[in-house]
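1. Fold the following and give me the result.
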Amino acid sequence: MDEIRFSRRAGLAGAVAGGLTLAGAGTLAGTAASATEVHWTDDLDELTLFAFDQVSIPSVQNLKLEMRDPVKHPANPVVPRGEAGAPDSWAVQFYGSVIKVGDVYRMWYCAVSAEERAEHTGGSTSALWRVAYAESTDGVTWTKPDLGLVEFRGSTHNNLVRMDPPIGVLNLKVLYEPDDDPSRRYKMGCHVYWQNKGNRHGTLAVYASPDGLTWTSLTDVAPVEAEMVPDELLLPAFHAEPVGGLYKWKGTYYASGQNGIGAVRPVHGRVGRTWESGDFANWQQTSTMTWIRHQQHTILGPGRSLDGEQQHEGVSVWNRGNVLLGVVGRWHGDMSWQNVTIDLGFLVSNDGMAFREPAHEWTFIPRGGDGAPAELVANASFETLDGDGWPAPWTLDANRGQTAAPSTDRSRTGSTSLRVENVAGTSIGVRTPKLPATEGVEYTASMWALTESGTPAQLYVDFYDDIGRRLANHFVQPEPSADWAEVTLAATAPAGTATLDVMIYGATAGVGVSFHDDVAVSWPGSGEGEPEWDRGGVIQGQGFENVGDETFVYYGAWDPRVNIPGVPLPPRGGVGIAILPRDRFGDLMVDLRGEGSGDYQIPEVTSEFITATIVLGARHRRPRFHVNAEGLGEGATLRFELLEHDFTPIPGYSGADAAIVATDGFRTPLSWGRGRLPEKVRLRGFFDGEQNTSIKLSAIYVD
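-> Sure, this is the predicted structure:
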């Protein structure tokens, strides 16, 4: 069976040095845990057995796991973009870190200036990406201190940290090790770029700092245009995005990220990988495939790297000593950037290498809502034109004459509309990109039309399945109108629908000139509220803090759908907080499906669990056990016994001497009688009482 080995600085005889072993995670990413022991060698003050960790709590009867959905903080984004002229006026990209040091919460993130972007005239943009700093005393209200370290646009009054040598940083993670050499107490892993035959590829750079503000490269690098050069690379010369997460486990440093190079098991798209280092400066040339989603076992083929369900940017990690909690991107792909979205998922690991989902395909932090329906239709009023003067991302149907074009002659809003001129015997179609749709939902498409002559162009809605086959189409023919008039079309998505598009169509039999503006798609409830700051995509920063009786998970925002060829990118980012009750990510609860008179049921069930073996070692003091649970009361109690490694009940800690918990709390102590404990124990828990279905057990602590 599995073992958890627990030790402390003192009182250890016969225990493995550094003291924790936890039987294991699978040998391949995403597989179930195996019985292999995994040794954790850092100092351990507390062991945490989370309800969702099926390595720590492998054996259950009539219990089920329910994960909790965090709530987004009402003050989000708690760190917004800066004002005009600030180093972060265009982007606050929280591919970054939050760490509490003493009484101060410290944050590092990637910053880009809107003014510098506007003035950039060519070449690499890497130099525009800098590392910025913020801090807080409560984790919610953040300031961007005037550090005075870096000159930016003629002034040092800014919150930029010093990087020696300077380099463009697209993603960063920070570790704090106060017991290390004073010059290396803070360590930063950076996703930077290098040039490969004219292509910009990602790679890893590593820096260290005594104070988290002045950073020095740990390797001899001389960046050119803020990018590394090929003979300075720490990783193999492939494209990699290597620091979605950064952590130390069993004395080894790990950088978790993504790349798409060949793997032992062929997979599609963005693959979760970790790279290893013994000293943080020198990194192994091998890597481990640590996390993939099950859909990635289906190979979609060349040219479809954007498409399909994938993981994104590796795993940002909360190291809880004996277990790693992780947040990972859930990439919802498409052949077009305009339909790519990202949510965040939740993972766990007991060996630092192989991660798994406690709940299959569960969205931990969802992307924000689009709010007003017009947000679905990019460039809905045809105001933004690409380099050829065409309103991207709208497309002109293939093999059609150029009888549609943006026009400033007429407009309902803004200064531009779409002019469609049609002649007999030809047709013309102008389409949106494919938009996400759900079968059984009624969608309403709308546009405003003005007729100059003849018959105006029609409004179409087409529905498609998940491989792009058209399932149904619907259209309406507007009545000619010399004034702007709204045209609407309602249609229900058929079975199998995955996407839809909207088309402005001049039919073969039609002759006329019409203008069109302000196209929208809506469905029940879609028009409620304003667009949210984190719509389209959310990204994982490495920020996890228990603040009072709450757990804060920090995250960032990036909407991939704005990547429209020829159209300038809008400002991006910010930092938000997702909140849970303290350490209550998921709960073990009573499951009554086995109770009853059915063929596969019994009249009355018992709900219980047994932990993996906890190796205490020879010690002078008994360990203390605490429980994180709610829903307890007179008719709903938790009862705990201690067992030998071979499941024999321990006198004084079992039966009539079992510990009973009847009150809610994040750290309710377990109380037993006196008596010496063996070096190896298991904890058995029972959900008792007539109201035991109300009990939610989130975690058990041993210290």
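2. those helices in the stretch 301-450 of the chain, which residues are they?
-> For the stretch 301-450 of the chain, no helices turn up when DSSP state H, counting those that start in this stretch is the criterion.
3. low-confidence ranges in it?
-> Applying pLDDT under 70 to the stretch 301-450 of the chain flags the ranges 371-376, 398-402.
4. same thing with the stretch 101-250 of the chain?
-> For the stretch 101-250 of the chain, no stretch is flagged by pLDDT under 70.
5. ok, now the stretch 601-703 of the chain?
-> Scanning the stretch 601-703 of the chain for pLDDT under 70 picks out the ranges 618-620.
6. Do a quick rundown of the helices in it.
-> For the stretch 601-703 of the chain, applying DSSP H, counting those that start in this stretch gives no helices.
7. how far away is the residue nearest to His157 when sequence neighbours are not counted from Trp108?
-> Nearest residue to His157 in three dimensions, chain neighbours excluded: Asp146, at 5.1 Å (C-beta to C-beta, 6 or more residues apart in numbering). (C-beta placed from N, C-alpha, C; glycine too.) Asp146 sits 16 Å away from Trp108 when distances are taken as C-beta to C-beta, to the nearest Å.
8. for stretch 461-479, how far is the first residue from the last?
-> End-to-end distance for stretch 461-479, by C-alpha to C-alpha, to the nearest Å: 18 Å.
9. The residue nearest to His157 should be in a helix, yeah?
-> No. Asp146: not assigned to a helix; according to DSSP: H, G, I helix; E, B strand; the rest coil it is coil.
10. Could you count how many residues lie near it?
-> Per other C-beta atoms under 10 Å, the neighbour tally for Asp146 reads 11.
11. Verify the stated contact: it with Leu160.
-> No. Here Asp146 does not reach Leu160: they are 10.3 Å apart, not a contact under C-beta atoms under 8 Å.
12. coming back round to it: for the residue nearest to His157, which residues are in contact?
-> Contact analysis of Asp146 by C-beta atoms under 8 Å, 6 or more residues apart in numbering lists 157-159.
13. are any of those buried, and which?
-> By neighbour count, with 16 or more other C-beta atoms under 10 Å, the contacts of Asp146 hold 158-159 as buried.
14. partners of the longest strand seen in the chain in the sheet?
-> Ranked by number of residues, the top strand in the chain under DSSP state E is strand 442-454. Sheet pairing here is set by DSSP bridges, and for strand 442-454 it gives strand 485-492 (antiparallel), strand 512-522 (antiparallel).
15. Just the ones in helices from the contacts of Asp146, please.
-> Using DSSP state H, the subset of those located in helices is empty.
16. Now tabulate the contacts of Asp146 in TSV and tack on distance to Tyr95.
-> Shown next, in TSV, are those (distance: C-beta to C-beta, whole Å):
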residue	distance to Tyr95
His157	25
Asn158	20
Asn159	17
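17. closest to Met353 among the contacts of Asp146?
-> Asn159 (35.8 Å; C-beta to C-beta).
18. My guess is that closest one contacts Glu135. True?
-> No. In this structure, Asn159 is not within contact of Glu135 by C-beta under 8 Å, at 9.2 Å.
19. Please identify every residue contacting each of those two.
-> Joint contacts of Asn159 and Glu135 (C-beta under 8 Å, 6+ apart) are Pro145.
20. now the strands for the stretch 351-500 of the chain?
-> Ranges of strands in the stretch 351-500 of the chain, per DSSP state E, counting those that start in this stretch, are 363-365, 395-396, 404-407, 417-422, 428-431, 435-436, 442-454, 458-464, 470-476, 485-492, 499-506.
21. for the fifth one, which positions count as buried?
-> Residues 428-431 are the ones in strand 428-431 that count as buried (16+ other C-beta under 10 Å).
22. what's it in contact with?
-> Residues from elsewhere that reach strand 428-431 (C-beta under 8 Å, 6+ apart): 394-397, 400-401, 403-404, 418, 420-422, 457, 460, 501-506.
23. In ChimeraX, select just the buried ones from those residues.
-> This is the ChimeraX syntax for the buried subset of the contacts of strand 428-431, where burial follows 16+ other C-beta under 10 Å:
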select :394,395,396,403,404,418,420,421,422,457,460,501,502,503,504,505,506
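24. Near Ser89, how many residues? Count them for me, please.
-> Per other C-beta under 10 Å, the neighbour tally for Ser89 reads 19.
25. I figured it hits Glu115, correct?
-> Yes. Using C-beta under 8 Å, Ser89 is in contact with Glu115, at 6.7 Å.
26. Overlap of the contact sets of these two?
-> With contacts defined as C-beta under 8 Å, 6+ apart, no residue is shared by Ser89 and Glu115.
27. Any idea what the residue nearest the centre of the chain is bridged to?
-> For the chain, Leu344 is the residue whose C-alpha lies nearest the centre (C-alpha atoms, centre = their mean; 3.0 Å). According to DSSP bridges, the partner residues bridging Leu344 are Gly329, Ile365.
28. Thought Gly326 was touching it, still the case?
-> No. Using C-beta under 8 Å, Leu344 makes no contact with Gly326, being 10.2 Å away.
29. Find residues that contact each of Asp146 and Leu160.
-> Here Asp146 and Leu160 share no contacting residue, scored by C-beta under 8 Å, 6+ apart.
30. SS state for Pro87?
-> Following three-state DSSP, we place Pro87 in the coil state.
31. what's the spacing between it and His157?
-> From Pro87 across to His157, the span is 10 Å (C-beta to C-beta).
32. and Arg117, that's in a strand?
-> No. Per three-state DSSP, Arg117 lies outside any strand segment and is helix.
33. Report the contact partners of it.
-> Contacts of Arg117 by C-beta under 8 Å, 6+ apart are 90, 125, 128.
34. Can you pull the phi/psi pair for Asp231?
-> Here is the backbone geometry of Asp231 (degrees, to the nearest 10): phi -80, psi 10.
35. contacting residues for it?
-> Listed by C-beta under 8 Å, 6+ apart, the contact set of Asp231 is empty.
36. How about Gly244?
-> By C-beta under 8 Å, 6+ apart, Gly244 lies in contact with 95, 171, 173, 256-258, 312-316, 328-329, 540.
37. Tell me the most packed of those residues, by neighbour count.
-> Counting neighbours by other C-beta under 10 Å, Gly314 leads those with 35 neighbours.
38. Look up how far Ser305 lies from the nearest residue to that residue once chain neighbours are set aside.
-> The shortest distance from Gly314 to any non-neighbouring residue, by C-beta to C-beta, 6+ apart, is to Gly244 (2.9 Å). The gap separating Gly244 from Ser305 is 17 Å, by C-beta to C-beta.
39. Trp394 too?
-> Taking C-beta to C-beta as the measure, Trp394 falls 24 Å from Ser305.
40. and what of Pro560?
-> Counting by C-beta to C-beta, the separation of Pro560 from Ser305 is 13 Å.
41. if you count what's nearby, which of those two comes out ahead?
-> Using other C-beta under 10 Å, the more surrounded residue of Pro560 and Ser305 is Pro560, with 20 against 15.
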